[in-house]
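Participant: no letters, just coordinates:
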């Protein structure tokens, strides 16, 4: 019986730590901690243990018993994945995963110090990336919310930050006939949905506004956000009101329906002697549920790294059709089958593609082979159109770092196909089906990594993938970034983090009633920042906000050969290239 111990511990806490934050809700007490003017509540359970008979099943809500005292001062476990640094080649970007458990469905809440239950602050819920292979909400090296919360509160833009642990790898995205029959596909996405339900039901007690929730994510966190937007084909009420999609790919039918997760689930079952001569999917699933956690994690990690050496990303991924994803997301967007009462902010980093191309790529033949490897299903005619859209003459060598122009050639294709054009696809869907909602578009053209890139002779990667995270979370003032950041980085972090908080607060990435000069003087947000469509009634151009760099400011992406003369033209042929990548026949042939 633990209650006497808990009661005495609670009394000791009351007498010795009066300043420690306490939240009481529905007869449950949550005890948090204070760090740098930020109150954090960690390891709060929203779902039951996903082990044993619950493995590979949709999450079950968890409720603390009345009178429970929750010590929310220490991080919880990550959901099962590889231990250690998931991407050791990217030094300093990610922390080590030291603890995993199938009892991992937890949330964290971070808020400004002295926030009261009635504050009704805007809520920002983060859905992490990691290629559906790795990721957790307690990696404060990668996703430390203290700066986002603390600095925006100082600027008069206070927000509540929340984040949701969800299952990854085979644990979150296993697929088989038996799982279809059980309606247990995409349980990692269902974890996110249940976590959002927890936020809706509980966040008011922590000082948040359940009627003003913004979800945001980067990389496959972008994909998570988009899949929550298209969840159930838009027929169920959403649990959020705004969405921010940062540097990530949407998914077409091919990526979802090609059977990749099915094939990999079967292959892993074979490795673990869980298959039978009768090809019995139900028996296979029963066997996989009985495999000890350590054995299953070890086999899954080995299999994933063999398939995808970069942390195993993409080995298991969402599957359609399912109840949660009734069709290819691109088709759901095109048909207007998404939550259309949501404001969106969406964009990419200028050089998002460079981390996904080998720097040794050289020559036209190598470029064409890379395209064939990346898009094996692309028809010969579409392949020729792709090559025509990206003439090699548009790119130049970088002799100082021994980089051939075909590296940049390939990186531009990756950026457009997987990051920029999916963003255009989303804002186009909102223009067609949700024209009354606010829609904003951006391209990040600055990175705090530039000093490190130069030191390691890697300046060629430019404003690469993940460059947005230190700015959005506003932590360039902590190692390793503080050793290289200059005033332009501090300004960028303040404005980017502030624009995200303003969007969560007002549905626009600026502050109503303040001029561009006032915003700049106080380093609050970027200004100006016009909606993606409809500026001065002009629907023939897409308005894009370039963040940082020599082109900082508004730019336009011409449509139908017409340019908005009030803005600089974003000169990367994105309208025509986006038209190619967003065609349904191309989407059906590519892994996007």
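Facilitator: It's in. Note that the structure is predicted; figures quoted are calculated from it, not measured.

Participant: the longest strand along the chain pairs with which strands?
Facilitator: The residue-count maximum for a strand in the chain (DSSP state E) belongs to strand 208-218. With DSSP bridges as the test, strand 208-218 is paired with strand 121-126 (parallel), strand 242-246 (parallel).

Participant: off-centre distance for that strand?
Facilitator: Here strand 208-218 is found 14 Å from its chain centre; the criterion is Cα atoms, centre = their mean, to the nearest Å.

Participant: residues of it that come out buried?
Facilitator: Under the neighbour-count criterion of 16 or more other Cβ atoms under 10 Å, strand 208-218 has 208, 209, 210, 212, 213, 214, 215, 216, 217, 218 buried. Where you see a C-beta, it was placed from the backbone N, CA and C, and this is true even at glycine.

Participant: can I get those residues in TSV with pLDDT and distance to residue 239?
Facilitator: Formatted as TSV, the buried residues of strand 208-218 follow (pLDDT from 0 to 100; distance: Cβ to Cβ, whole Å):
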residue	pLDDT	distance to residue 239
208	99	13
209	99	13
210	99	9
212	99	12
213	99	7
214	99	11
215	99	9
216	99	14
217	98	15
218	97	20
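
Participant: which of those residues sits closest to residue 143?
Facilitator: Set against residue 143, the nearest of the buried residues of strand 208-218 by Cβ to Cβ is residue 218 (9.1 Å).

Participant: would you list every one of the helices in the stretch 351-500 of the chain?
Facilitator: Counting by DSSP state H, counting those that start in this stretch, the segments of the stretch 351-500 of the chain that form helices are 364-374, 380-389, 405-415, 421-433, 450-455, 468-472, 487-506.

Participant: closest to residue 342 out of those helices?
Facilitator: When these are compared by Cβ to Cβ, helix 421-433 sits nearest residue 342, at 8.7 Å.

Participant: and the closest one, what's buried?
Facilitator: By neighbour count, with 16+ other Cβ under 10 Å as the criterion, the buried positions of helix 421-433 are 421, 422, 423, 424, 425, 426, 427, 428, 429, 430, 431, 433.

Participant: so residue 514 makes contact with residue 521?
Facilitator: No. Taking contact to mean Cβ atoms under 8 Å, the distance of 9.5 Å between residue 514 and residue 521 leaves them out of contact.

Participant: more crowded one of the two?
Facilitator: Looking at residue 514 and residue 521 with other Cβ atoms under 10 Å, you find the greater number of neighbours at residue 514, namely 16 against 10.

Participant: which one is the more buried one nearest to, not counting chain neighbours?
Facilitator: Closest residue in space to residue 514, ignoring its immediate chain neighbours: residue 524 at 7.2 Å, by Cβ to Cβ, 6 or more residues apart in numbering.

Participant: the one you found: what secondary structure?
Facilitator: The local conformation at residue 524, judged by DSSP: H, G, I helix; E, B strand; the rest coil, is coil.

Participant: quick one: it and residue 220, what's the gap?
Facilitator: Separation of residue 524 from residue 220 (Cβ to Cβ, to the nearest Å): 30 Å.

Participant: for residue 587, same thing?
Facilitator: For residue 587, the distance to residue 220 (Cβ to Cβ) stands at 18 Å.

Participant: so what's the spatially most central residue of the chain closest to, chain neighbours aside?
Facilitator: Taking Cα atoms, centre = their mean, the centroid of the chain lies closest to residue 221, which sits 1.7 Å from it. Distances taken as Cβ to Cβ, 6+ apart place residue 129 nearest to residue 221, at 4.1 Å, with adjacent residues excluded.

Participant: gap between the helix or strand in which residue 269 is found and the chain center?
Facilitator: Taking DSSP states H and E as the criterion, residue 269 maps to helix 260-271. For helix 260-271, the gap between its own C-alpha mean and the chain's C-alpha mean amounts to 26 Å (Cα atoms, centre = their mean).

Participant: the closest residue to residue 305 other than its chain neighbours: neighbouring residues, count only.
Facilitator: Spatial nearest neighbour of residue 305, chain neighbours left out: residue 312 (5.2 Å); criterion: Cβ to Cβ, 6+ apart. The local packing of residue 312 (other Cβ under 10 Å) involves 26 other residues.

Participant: just residue 528 next, same as before
Facilitator: Residue 528 is surrounded by 14 other residues when neighbours are defined as other Cβ under 10 Å.

Participant: check the gap between residue 460 and residue 395 for me.
Facilitator: Shown here: residue 460 relative to residue 395, a distance of 11 Å by Cβ to Cβ.

Participant: need the residues touching each of the two.
Facilitator: residue 408 (Cβ atoms under 8 Å, 6 or more residues apart in numbering).

Participant: roughly how far is stretch 319-328 from the heart of the chain?
Facilitator: Between the mean C-alpha position of stretch 319-328 and that of its chain there is a distance of 19 Å (Cα atoms, centre = their mean).

Participant: ok, residues contacting it?
Facilitator: The set of residues that contact stretch 319-328 without belonging to it, under Cβ under 8 Å, 6+ apart, is 173, 175, 180, 183, 185-186, 189-190, 193, 227, 230-233, 251-253, 256-257, 261-262, 318, 329, 332, 337, 587.

Participant: just the buried subset of the residues you listed, written out for PyMOL, thanks.
Facilitator: Typed into PyMOL, the next command selects the buried ones out of the contacts of stretch 319-328 (criterion: 16+ other Cβ under 10 Å):
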select buried, resi 173+175+180+185+186+189+190+193+227+230+231+232+233+251+252+253+256+257+261+262+318+329+332+337+587
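
Participant: okay, residue 534: pLDDT?
Facilitator: Residue 534 is assigned 62 on the pLDDT scale.

Participant: check contacts around the residue lying closest to residue 494 once chain neighbours are set aside.
Facilitator: If the residues on either side of it in the chain are set aside, residue 494 comes closest to residue 523, at 4.6 Å by Cβ to Cβ, 6+ apart. Counting by Cβ under 8 Å, 6+ apart, residue 523 touches 155, 491, 494, 495, 498.

Participant: ok, now residue 155?
Facilitator: For residue 155, the residues meeting the contact criterion (Cβ under 8 Å, 6+ apart) are 494, 498, 501, 522, 523, 524.

Participant: ok, 6 Å please
Facilitator: With Cβ atoms under 6 Å, 6 or more residues apart in numbering as the criterion, the residues that contact residue 155 are 498, 524.

Participant: next one: residue 208
Facilitator: In this structure, residue 208 makes contact with 121, 123, 160, judged by Cβ under 6 Å, 6+ apart.

Participant: with adjacent residues omitted, what lies nearest to residue 397?
Facilitator: Going by Cβ to Cβ, 6+ apart, residue 397 has residue 405 as its nearest residue, at 4.7 Å.

Participant: should've said residue 261
Facilitator: Nearest residue to residue 261 in three dimensions, chain neighbours excluded: residue 175, at 3.8 Å (Cβ to Cβ, 6+ apart).

Participant: same check on residue 351?
Facilitator: With Cβ to Cβ, 6+ apart as the criterion, residue 351 has its nearest non-adjacent residue at 3.4 Å, and that residue is residue 462.

Participant: give me the pLDDT for that neighbour.
Facilitator: At residue 462, pLDDT is 95.

Participant: give the burial count for it, as a bare number.
Facilitator: Burial of residue 462, expressed as a neighbour count using other Cβ under 10 Å, amounts to 22.
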